[in-house]
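> got a predicted model here, sequence first, then my questions.
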Amino acid sequence: MFRVAITGLGAVTPVGNSVGEMWESIKAGKCGIDYITKFDTSEFKVKLAGEVKGFDPSAVMDRSEIRKSDLFSRYAMAAAVEAMGESGLVSGENIAPERFGVYFGSGIGGMQTFIDEVIKCRDSGPKKVSPFMIPAMIINMAAGSIAIRFGCKGPAIPVVTACATSTNAIGEAYRAIKHGYADAIIAGGSEAAILPVSLAGFANMKALTESEDPLRASIPFDRERSGFVMGEGAGVMILEEMEHAKARGARIYGELCGYGSTCDAHHITAPDPEAVGGAAAIRAALEESGHMLGAAGAVEAIISALALRDGVVPPTIGYREPDPECDLNVTPNEAVYKNLDLCLSTSLGFGGHNACVAIKKAE
């Protein structure tokens, strides 16, 4: 069995288009939720989302690549470029290409591409459908594009488990390295589905909050919680076998040391009310790690690693009305500075998917 280090981080988020910008926003309690600007919401009861702001894909992709790709792949590439730049890994120089992999997923994939091409086909006929439609929309293309860009000829696997996608991707990458199938893996997830049809779908199933106050929208631990908020972006972690990382003098953010993955097998969208599956995933990650503490997803896992590095517990902003049935220390509204040894990053997705990774402070 091998140990697994975190040697690079990359992020595109509603509170910053780089890890540094995001982390400063998180520590300061900045809210990334606001009124939707991508389309007119006058006919929607739901008005808020976590949109990425000021993103420019031309910084990491040429015009041809941008034209042939969906937004979710552009977010993925930007995060991967940042993480790889930090890691210092170069395929064929300090890592063997066949020992370098990609585990990267998306819950929905290229929905904007799919919608655009359906409209073209309906209005102008099949000859007008782009020849790049299929490679742009399929979920595995983010992983494939990252592998092509960085010469990763080892395992390249897209993961799709709804909101648990990126945590599962990181966890499965951890297992692949731990058991000797790769020396390093680019792991994470991406989403770009803030669109009228997807917003309508989530809203009509009563999954989204109808609050119009950004600070009273995503409040899962508050007594007045009323649904979740759609967001977009990407998160990437470079995972690397510990001795491989040390031998090349890599900066190590932390150590991935535990992973749990379960399914509720209960309902297509509703979680098990007893939370048996989620608890089992957390328990498995803790048992493998041998420690304790808590956090949450690919961007959430990045935040967890930074929290360990800097000794910061990020705040749960917008928390106002305590719920007597949710008696947790949620760090309300302001960050807490303290020494931390381990974080748990936990995600639960439609279909009953539960995933949890444990991250230990770097030695």
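Yes, it's here.

> and the helices in the stretch 101-250 of the chain, which stretches?
Ranges of helices within the stretch 101-250 of the chain are 111-124, 133-137, 141-150, 165-178, 196-204, 242-247, based on DSSP state H, counting those that start in this stretch.

> to residue 2, which of those helices lies closest?
Closest to residue 2 of those, according to C-beta to C-beta: helix 165-178, at 5.5 Å. For the C-beta atoms, the positions are set from N, CA and C on the backbone; glycine is no exception.

> and that closest one, what's buried?
Buried residues in helix 165-178, defined by neighbour count with 16 or more other C-beta atoms under 10 Å: 165-174, 176-178.

> out of the helices of the stretch 101-250 of the chain, which is closest to residue 288?
Here helix 165-178 is closest among the helices of the stretch 101-250 of the chain (C-beta to C-beta), at 9.4 Å.

> could you give the angle of that closest one to helix 141-150?
50 degrees (axes from the mean of the first three to the mean of the last three C-alpha atoms, to 10 degrees).

> any idea of the mean pLDDT in helix 165-178?
Throughout helix 165-178, pLDDT has a mean value of 95.

> what does stretch 211-222 give?
92.

> need the contact partners of that stretch.
31, 33-35, 47-48, 50, 209, 224-226, 228-229, 316-323, 326, 328, 330 (C-beta atoms under 8 Å, 6 or more residues apart in numbering).

> quote the end-to-end distance of it.
13 Å (C-alpha to C-alpha, to the nearest Å).

> enumerate the positions of that stretch that are buried.
211, 214, 216, 217, 218, 219, 221, 222.

> check stretch 110-122 too.
For stretch 110-122, by 16+ other C-beta under 10 Å, it's 110, 111, 112, 113, 114, 116, 117, 120.

> export it as PDB, just CAs?
What follows is stretch 110-122 as a C-alpha-only set of coordinates in PDB (Å, rounded to 0.1, in the frame of the first residue of the first chain):
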ATOM      1  CA  GLY A 110     -22.300  19.500 -21.900                       C
ATOM      2  CA  MET A 111     -26.000  20.500 -21.500                       C
ATOM      3  CA  GLN A 112     -25.500  23.900 -23.200                       C
ATOM      4  CA  THR A 113     -24.100  22.200 -26.300                       C
ATOM      5  CA  PHE A 114     -27.000  19.700 -26.300                       C
ATOM      6  CA  ILE A 115     -29.600  22.400 -26.100                       C
ATOM      7  CA  ASP A 116     -28.100  24.600 -28.700                       C
ATOM      8  CA  GLU A 117     -27.700  21.700 -31.200                       C
ATOM      9  CA  VAL A 118     -31.300  20.400 -30.600                       C
ATOM     10  CA  ILE A 119     -32.600  23.900 -31.400                       C
ATOM     11  CA  LYS A 120     -30.500  24.000 -34.600                       C
ATOM     12  CA  CYS A 121     -31.800  20.600 -35.700                       C
ATOM     13  CA  ARG A 122     -35.400  21.600 -35.100                       C
END
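
> contacts for that stretch, please.
Outside stretch 110-122, the residues within contact range by C-beta under 8 Å, 6+ apart are 70-73, 128-130, 133, 136-139, 141, 192-193, 195, 197-198.

> thought residue 224 was touching residue 322, still the case?
No - using C-beta atoms under 8 Å, residue 322 makes no contact with residue 224, being 10.4 Å away.

> what about the closest residue in space to residue 205 that isn't next to it in sequence, how many neighbours?
Computed as C-beta to C-beta, 6 or more residues apart in numbering, the closest residue to residue 205 that is not its neighbour in sequence is residue 269, at 6.8 Å. Residues near residue 269, counting by other C-beta atoms under 10 Å, number 13.

> and the pLDDT for residue 269?
Value listed for residue 269 in the pLDDT field: 78.

> show me the contacts for it.
205, 207, 350.

> keep only those of those that are in strands.
Nothing among these maps onto strands, per DSSP state E.

> filter those down to the buried ones, PyMOL style.
Buried residues among these (16+ other C-beta under 10 Å), as a PyMOL selection:
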select buried, resi 350
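
> tell me which of the contacts of residue 269 is nearest to residue 9?
Checking the contacts of residue 269 against residue 9 with C-beta to C-beta, the nearest one is residue 350 at 27.0 Å.

> confidence score at that closest one?
Confidence score, pLDDT, at residue 350: 85.

> thought it was touching residue 201?
No - contact between residue 350 and residue 201 fails when scored by C-beta under 8 Å: they sit 11.4 Å apart.

> hmm, back to that, just send the buried residues of stretch 110-122 back as TSV, with distance to residue 337 and pLDDT too.
Below are those laid out as TSV (distance: C-beta to C-beta, whole Å; pLDDT from 0 to 100):
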residue	distance to residue 337	pLDDT
110	41	95
111	40	96
112	41	96
113	44	97
114	45	96
116	47	96
117	50	97
120	53	97
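
> between the residues you listed, which sits nearest residue 145?
residue 110 (11.6 Å).
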